[in-house]
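1. only the shape, not the letters, is given here:
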């Protein structure tokens with residue numbers, strides 16, 4: 001069983017709205033417990049404002065290996081992210097994925 005399959009079996013529901021920025025803001029306000037996209041396809045410029053909003057809400061945004069996002073703000077750099085305002089949930093996601 002893949003790491004993503006294991007993670008999907010542990011969640012009670014999933015939503016995909018098509019806007020990463022709004023979904024990250026839902027994490028910041030507590031509507032979502034977490035958000036993750038581990039395809040390595042998110043542009044840094046598309047998530048930078050929402051990343052700041054989460055961090056200002058005492059949340060955490062990392063890549064799939066639990067490393068902070070330190071890329072320059074440009075349209076070329078891409079990343080995967082895991083975001084949560086609950087550090088325990090974030091840790092559990094990282095443990096289940098084991099770093100993809």
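-> Structure received. Keep in mind that what you see is a predicted model, and the values were worked out from it rather than measured.
2. and the helix or strand harbouring residue 92, what does it pack against?
-> Residue 92 belongs to helix 87-97 when elements are defined using DSSP states H and E. If you count contacts as 3 or more CB pairs under 8 Å, 6 or more residues apart in numbering; DSSP states H and E, helix 87-97 packs onto helix 3-10, strand 34-43, strand 60-62, strand 78-84. Quick note: C-beta positions are derived from backbone N, CA and C, even for glycine.
3. list the buried ones in the longest one?
-> Which is strand 34-43. 34, 35, 36, 37, 38, 42, 43 (16 or more other CB atoms under 10 Å).
4. just send the residues you listed back as JSON lines, with distance to residue 52 and pLDDT too.
-> JSON lines is the format used below for these (distance: CB to CB, whole Å; pLDDT from 0 to 100):
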{"residue": "34", "distance to residue 52": "17", "pLDDT": "92"}
{"residue": "35", "distance to residue 52": "15", "pLDDT": "91"}
{"residue": "36", "distance to residue 52": "18", "pLDDT": "87"}
{"residue": "37", "distance to residue 52": "17", "pLDDT": "87"}
{"residue": "38", "distance to residue 52": "21", "pLDDT": "82"}
{"residue": "42", "distance to residue 52": "15", "pLDDT": "90"}
{"residue": "43", "distance to residue 52": "15", "pLDDT": "89"}
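5. tell me the one among these nearest to residue 74.
-> Closest to residue 74 out of those is residue 43 (8.6 Å), distances taken as CB to CB.
6. so who does the closest one touch?
-> 75, 77, 78 (CB atoms under 8 Å, 6 or more residues apart in numbering).
7. shaky segments in the protein?
-> 1, 3-17, 99-100 (pLDDT under 70).
8. residue nearest the centroid of the protein?
-> residue 82 (2.3 Å; CA atoms, centre = their mean).
9. how near is that one to residue 47?
-> 12 Å (CB to CB, to the nearest Å).
10. between the two, what contacts are shared?
-> residue 61.
11. that older thread, turn the contacts of residue 43 into JSON lines, including neighbour count.
-> Formatted as JSON lines, those follow (neighbours: other CB atoms under 10 Å):
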{"residue": "75", "neighbour count": "9"}
{"residue": "77", "neighbour count": "14"}
{"residue": "78", "neighbour count": "13"}
